[in-house]
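Visitor: curious how this folds, go ahead:
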Amino acid sequence: MQAEWTGAARPGEHIGPYTVLTELASGGMGRVYLARSPGGRTVAVKTVLATPGEGTVADTDRRRFAREVALARRVRGLYTAGVVDADAEAHVPWMATEYIPAPSLRELVASQGPLPSPALDWIAAGMIEALVSIHTAGLVHRDVKPSNVLLPEDGPRLIDFGISQAADVTRTKAALGTIAFAAPEQARGEPTTTASDVFSLGATLYYLAMGRSPYRDMGEGTALEQLVRAAEGDLDLTGLPTDMNALVLPCLALDPAQRPAPQDLLTQVSAVLAERPQARGAIDWLPRSWSTAIERHRRRRIEEAEAAQRRIDPDAATERTPSAVARTRHLPRPTPTQAPRRRRTGLWLGVALAGLLAAGGFIYGLRQDGDSIPGEVRQDLRLALVEESEPGDCANKLPPPTFYSQNLRACYSVSTQAEDRMNVKQLQQVRVVFDERSGGWVIQMTVRSDDAERFEALTKRAAQRQPPQNQLAIVLGDRLISAPAVTGPITGGEVQIAGSFTQDSAKDLAKELGAR
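Guide: Numbering: from 1, shown residues only. Predicted structure coming up:
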C-alpha cells in the first residue's frame, strides 16, 4: 500500500493482496469493498478511513479495529462470516472476510413481509447456533439485529463484530447497539452479557414475525425518547402469533437472569426442525417469495461482481459462485424488472417523470450503516442530488459514491451532504395501475406527510441547480433506477413511478417497494 493511502480505494487498486472490484458500504469510520484474492476468491474487505488531512489512522481507531479483528478471528461456526485474512498493523488497517451474497433479514422483511412460525424456527436455529459459537469463544456480540443477519439459501449468518467485547470485560455508561433491538440494560449503559444478546435475538425474531420492534412506538419521537423507552423496558408485544410465544417471549424477559441460555434455545428449536428431517434450506422452510428474493439477490450480486471484474480485466476468468444448496437450482427463475428501453430514457425520464411526480416524491436507498429503526419501513430507500454524470460505466471516472444506471447506461456521482439527500420513512398503498396518459404500467404509492415535506424541500433545492445537478439519483438498494431532472418543487404525498414496464415487471418492482 502507498503511504498516503487513506482507506478509500477505486476498482482495480489493491488492499493487501486483494484487488478491489467495487464498494459495498461506507460509513464515518470505514468502508467495505468487494474484492478478489490472487487465486480468484471473492471476499469482503473492510478498511478504516484515515483522518482527513493527516493521512494516518488515529491510534484509538487502530486499536479498536485491531480488537475487532482479534475477536472475529476467535469465532468459529457455520453461521458466522469467517475472517480470511487481515493486517491490523498496516498503514491503513484492513480485514478480509468471507463474502456472502445474500440480503439481510431487515431487507427481506421490508420487501417480502413477516414470516410464519416454521420459517421463524429455521432462522432462529441458525442465529442461536451463531450465538453459541460466539459465546463459546468468550465474546458478547452486542449488536444482534436484522440488518446484521444475512440470509443465504443454506441458513443465516450473523455478521459485524465491530462493537463486540470479551465477556469478562465490564463496560458501562455506553448504550451501544441499535436501540430498537438492544436489551434494556444495554440501553441504560449497564454491563452487557450473553443474556443481552439473547434479548436482541428475541427482538430480532419478534421483528421477523411482526415487522416491527418489540418496544412500544419505536421509531416515533426523538432518539432520546426512544432510548428512554428501551431503557425502561417499555414493550408492546401485542399481536404475536401464539405458536411463537414459547420461543420469542422468554428471550424478551426484562430481567437478564430470566432469559434462557442459547444452548437451551437451540435444544428447543432443534426439536421443531427434527419434525421435518427432509427440509434443509430456504426453499423448504421459507415462503416462496422469500426464497425467490434470496436467489434473485445472490444472482444479481454475483453478476455485479463478474461485471466489475471484467471492467478491471476483460480477459480474467470469473468465479461463478454456486448456490449453497443444490436445490436452489430448481427455483423458478424470477422475471427480472424490465429496464426502460433506451429510446424512453434521456429527456423523457428527465422531464416527463418529474411531471408524473407532480403530487409527491419518492427515493431509493444509498444505504449506509443499515441501522434503520423498525416502523420506518424501507430505510434503504434514499434520494440524493446528482453532482456529476457521464455516459458509460463507473470505472475510475467520477468521485465516489458513484452508481451505474443500467436503464440510462450512465454513471452518476451523488452528493454526500446531509441536506442533499434523504431517507423515506415509510411507503404506503404501493400499487400497480395502467396509466392511460402514458399508455403503460406505473407504480403508485403514498409517503408519510413528514417525508412529503422534506421531499418538497429537496426538490426545491434540485430545481435551483444547473444540469446535471438538478437531477435526483433514485436508487433501490444498490441499483440506480433513474435520475429525473426537477424543474420545480414537488408537493404532496402521492408518488408515481413510470417507465417502460410490463405488468409483471411493474409488480416485481412494486413488491420490492413493499406492496403486499
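
Visitor: C-alpha from now on. contacts and neighbour counts both.
Guide: Noted.

Visitor: parallel or antiparallel, list what pairs with the lengthiest strand in the chain.
Guide: The strand that spans the most residues within the chain, counting by DSSP state E, is strand 381-391. Strand 381-391 has its sheet partners listed here by DSSP bridges as strand 410-414 (antiparallel), strand 421-423 (antiparallel), strand 472-476 (antiparallel).

Visitor: so where do the helices sit in this structure?
Guide: Chain-ordered helices for the chain, with DSSP state H as the definition, fall at 59-74, 105-112, 117-136, 184-187, 194-210, 223-231, 245-248, 262-274, 282-285, 288-312, 347, 353-356, 449-463, 503-512.

Visitor: quick check: domain ranges of the protein?
Guide: When the chain is parsed with automatic domain parsing, its domains come out as 14-98, 105-285, 342-512.

Visitor: returning to what we had before: buried stuff in the longest strand of the chain?
Guide: For strand 381-391, the neighbour count (16 or more other CA atoms under 10 Å) marks 381-389 as buried.

Visitor: measure the nearest residue to Leu115 once chain neighbours are set aside to Ala307 for me?
Guide: Counting by CA to CA, 6 or more residues apart in numbering, Ala209 is the residue found nearest to Leu115 once chain neighbours are left out, at 5.2 Å. Per CA to CA, to the nearest Å, Ala209 is found 37 Å from Ala307.

Visitor: neighbour count: those two, which is higher?
Guide: Ala209 (22 against 15; other CA atoms under 10 Å).

Visitor: what residues are up against the more buried one?
Guide: 114-117, 120, 240-241 (CA atoms under 8 Å, 6 or more residues apart in numbering).

Visitor: ok, of the residues you listed, which come out buried?
Guide: With burial judged by 16+ other CA under 10 Å, the buried subset of the contacts of Ala209 is 114-117, 120, 240.

Visitor: tell me how many other residues surround Leu201.
Guide: Applying other CA under 10 Å, we find 27 residues neighbouring Leu201.

Visitor: please renumber so the chain begins at 40
Guide: Sure, I'll start numbering at 40, so the last one becomes Leu240.

Visitor: identify the residues contacting it.
Guide: Listed by CA under 8 Å, 6+ apart, the contact set of Leu240 reads 166-167, 183-184, 290.

Visitor: find the nearest non-adjacent residue to Ala423, please.
Guide: Arg460 (4.1 Å).

Visitor: pLDDT at that neighbour, what is it?
Guide: On the pLDDT scale, Arg460 is placed at 85.

Visitor: and what of Ser143?
Guide: Confidence at Ser143, expressed as pLDDT, is 91.

Visitor: read off the pLDDT value for the closest residue to it other than its chain neighbours.
Guide: Nearest residue to Ser143, sequence neighbours excluded (CA to CA, 6+ apart): Leu189, at 4.1 Å. On pLDDT, Leu189 comes in at 93.

Visitor: ok so, going back, put together TSV for the strands paired with strand 420-430, with distance to Pro523 and mean neighbour count on each row.
Guide: Listed next are the strands paired with strand 420-430 as TSV, based on distance: least, CA to CA, whole Å; neighbours: other CA atoms under 10 Å:
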stretch	distance to Pro523	mean neighbour count
strand 449-453	12	23
strand 460-462	15	22
strand 511-515	6	26
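
Visitor: how about the ones you listed, which one is nearest Ser239?
Guide: Smallest distance to Ser239 across these (CA to CA): 24.8 Å, for strand 460-462.

Visitor: pick out the shakiest of the strands paired with strand 420-430, pLDDT-wise.
Guide: strand 511-515 (a mean of 79).

Visitor: who touches stretch 296-315?
Guide: Stretch 296-315 has contacts (CA under 8 Å, 6+ apart) with 160-161, 163-164, 167-168, 170-171, 234, 237-238, 286, 289-292.

Visitor: tell me which of those residues is nearest to Ala111?
Guide: Among those, and counting by CA to CA, the member closest to Ala111 is Leu170, at 12.8 Å.

Visitor: so what's that closest one up against?
Guide: When contacts are counted by CA under 8 Å, 6+ apart, Leu170 touches 180, 236, 301.

Visitor: out of the contacts of Ala248, which one has the lowest pLDDT?
Guide: Out of the contacts of Ala248, that is Ser156, at 83.
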